[in-house]
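Visitor: Here is a sequence with its predicted model. Questions after.
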Protein chains: 2
Amino acid sequence: MPQASIGIGPRAGRIAIFTHSAVPDSKGGAAPSCCKGDRCMDERPRLGVLGGMGPLATADFMRKVVEATPASCDQDHIPMMVHSVPQIPDRSAAFLSGSDAPWPYLRAGLSCLEALNVRAIAIPCNTAHLWYERLSRTSDVPLLHIGEAAAQAVLAQEGRIRKVGLLATSATLKGEIYQARLQARGVEVVLPDSAVQQELVMPGIQAVKSGNLALGAELLQEACARLRKTRIDGLLLGCTELPVVMPTTGLEIPVFDTTDLLARSCVAWWMQQTTGCSFARG
Amino acid sequence: MPQASIGIGPRAGRIAIFTHSAVPDSKGGAAPSCCKGDRCMDERPRLGVLGGMGPLATADFMRKVVEATPASCDQDHIPMMVHSVPQIPDRSAAFLSGSDAPWPYLRAGLSCLEALNVRAIAIPCNTAHLWYERLSRTSDVPLLHIGEAAAQAVLAQEGRIRKVGLLATSATLKGEIYQARLQARGVEVVLPDSAVQQELVMPGIQAVKSGNLALGAELLQEACARLRKTRIDGLLLGCTELPVVMPTTGLEIPVFDTTDLLARSCVAWWMQQTTGCSFARG
């Protein structure tokens, strides 16, 4: 007897139904018994994604991985196991108040991915990288570093960048994920002044997380305009919510989308693992 | 001693590095020992996504789930475990040639999600639903049905739909995922003629899967224009690659985006599980 569960959505009164035919006594054609999970089905290394911070940034990251992968069909793409559990306590608030609340959630998400036998893990959230060293120390699986991928791109930019503007959460700024990496290599990092950070950047990021993309775009583009008055010659979007609503082209100066750069470093890693050479789609 | 792995991308000669500091003798602060994976961290029911078919459609589906969820912060969003392993053999080619090649991959992916204790599973691929009954029979976890969610939306549309055009893979058409559901309820289903299907629809879907979105959009929009000559009063995008490149508004007739409708049925399911009432964001 099928079990039916009914969900009703208000949009044009649509009704969505799923039917679950649970017939436990006719389980013909089960998965091969050798499978612990499904790791025996394909030998290609899988990428783990510790996501959900925020969930829109995770979807954006996945799209960027797909777009950067040289592929002619589904099967050429990178297999990914994605842990998108956004119940991790707010990273920015915790870091600024000296709380370690996100840690057990981050560590547990990592354990889940480790158990799925992924060969490398990406975390599409800049602020979560404040826990990167500790996560990395406690894992045997390599973690790709979003700040390192982005800093390398700034340093490799044609027409050398001397002064890069940084838009990010207050915790990412305070934790100096980017400053040390870039200033040691001769790139000045310019931060928004405190009023812009409090009145535009943080509310803009929060608007994206709450689904108000139009408000997020408005606030963040204004923050960008204010920061550009300091005559920066490059802009680093140091929070994965930012490229969801901000254009990365047409600004006259190079814009570094950290989500895209992390995605490209994942593709490069995967190509190296599977073909011996590493390149991402241009 | 940190292990460093270097991947090089050709785009502006950028170099992406990740550093893995494996220090096995200083594993302080591990995850709580009660965690098998991380299921004890949060009790909210998790949605499983059997994806990768194709991977861009999976990212599009995740974005649509997020956008349809009433949320004011990250933590309000639906926790998802996503199995995006695109190495599953081509579903359309297999079904049309009488091969069962995708089955062990689909079943193994489902086993992986079941082991992660998800409470319902969505499959953002219409063609994979040709294996839905068998997957559902062999699983204790309810599977949401994309065709049922979409058919319900067609039937619930204001200004009754009498004749709906269907764009989908040849296998989805042949497997009659939509025809039986709609024709039995008085909606005529119009398919593209054989030349349009072979020369525009299938090459358009393949172009999206290979990353050539511009070509995909061109071919599929031409297929849409041809189908509209039959005076349909609604258009069903019965393949999750289609909404990636086709507009769903501005066509004068209602367009049913099956990815979005599956996403909304997931949100309705989740809201019902967590709050007792089910609604998706309008």
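Guide: Arrived safely. Numbers count the residues shown, from 1 in each chain, chains lettered A, B, ... in the order given.
Visitor: And chain A, split by domain according to the record?
Guide: A:47-145+A:262-275, A:148-257 (the TED database).
Visitor: For the residue most central in space within chain A, what is the enclosing helix or strand?
Guide: By C-alpha atoms, centre = their mean, chain A has its centre lying nearest to residue A:124, at 1.7 Å. Element membership of residue A:124, judged by DSSP states H and E, is empty: it is in no helix or strand.
Visitor: quick one, what contacts the residue nearest to it when sequence neighbours are not counted?
Guide: Sequence neighbours aside, residue A:61 is the residue nearest to residue A:124 in space, at 3.7 Å (criterion: C-beta to C-beta, 6 or more residues apart in numbering or on different chains). (Glycine included, C-beta is placed from N, CA and C.) Residues near residue A:61 by C-beta atoms under 8 Å, 6 or more residues apart in numbering or on different chains: A:49, A:51, A:122, A:124, A:240, A:259, A:262, A:263.
Visitor: follow-up on the earlier one: got TSV for the domains of chain A, with mean pLDDT too?
Guide: Compiled in TSV, these are given as follows (pLDDT from 0 to 100):
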stretch	mean pLDDT
domain A:47-145+A:262-275	96
domain A:148-257	94
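Visitor: Most tightly packed of the ones you listed?
Guide: Stretch with highest mean neighbour count among the domains of chain A: domain A:47-145+A:262-275 (a mean of 23; mean count of other C-beta atoms under 10 Å in any protein chain shown).
Visitor: what distance separates the start and the end of that one?
Guide: One end of domain A:47-145+A:262-275 to the other measures 15 Å (C-alpha to C-alpha, to the nearest Å).
Visitor: Run the chain-centre distance for it.
Guide: Offset of domain A:47-145+A:262-275 from its chain centre (C-alpha atoms, centre = their mean, to the nearest Å): 7 Å.
Visitor: now the strands: where do they sit in chain A?
Guide: For chain A, the strands defined by DSSP state E occupy A:3-8, A:15-20, A:47-51, A:80-84, A:120-122, A:163-167, A:188-190, A:234-237, A:255-257.
Visitor: quick one: residue A:266 from chain B, how far?
Guide: Applying C-beta to the nearest C-beta, to the nearest Å, the value for residue A:266 to chain B is 8 Å.
Visitor: show me where the stretch 151-282 of chain A has helices.
Guide: Assigned by DSSP state H, counting those that start in this stretch, the stretch 151-282 of chain A shows helices spanning A:170-174, A:179-183, A:194-196, A:202-209, A:213-228, A:242-245, A:258-275.
Visitor: meant to ask about the stretch 1-150 of chain A, not that
Guide: Using DSSP H, counting those that start in this stretch, helices in the stretch 1-150 of chain A cover A:55-68, A:91-97, A:102-115, A:132-137, A:146-156.
Visitor: can you put those in a markdown table and add distance to residue A:197?
Guide: Shown next, in a markdown table, are the helices of the stretch 1-150 of chain A (distance: least, C-beta to C-beta, whole Å):
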| stretch | distance to residue A:197 |
| --- | --- |
| helix A:55-68 | 19 |
| helix A:91-97 | 11 |
| helix A:102-115 | 21 |
| helix A:132-137 | 22 |
| helix A:146-156 | 19 |
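Visitor: still on that earlier bit, contact partners for the residue nearest to the centre of chain A?
Guide: Shown in contact with residue A:124 (C-beta under 8 Å, 6+ apart): A:49, A:51, A:53, A:57, A:58, A:60, A:61, A:146, A:240, A:259, A:262.
Visitor: and these as a markdown table, adding distance to residue A:174?
Guide: Shown next, in a markdown table, are these (distance: C-beta to C-beta, whole Å):
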| residue | distance to residue A:174 |
| --- | --- |
| A:49 | 26 |
| A:51 | 23 |
| A:53 | 17 |
| A:57 | 20 |
| A:58 | 24 |
| A:60 | 25 |
| A:61 | 24 |
| A:146 | 17 |
| A:240 | 18 |
| A:259 | 21 |
| A:262 | 21 |
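Visitor: could you measure residue A:201 against chain B, distance?
Guide: 16 Å.
Visitor: Much appreciated, bye for now.
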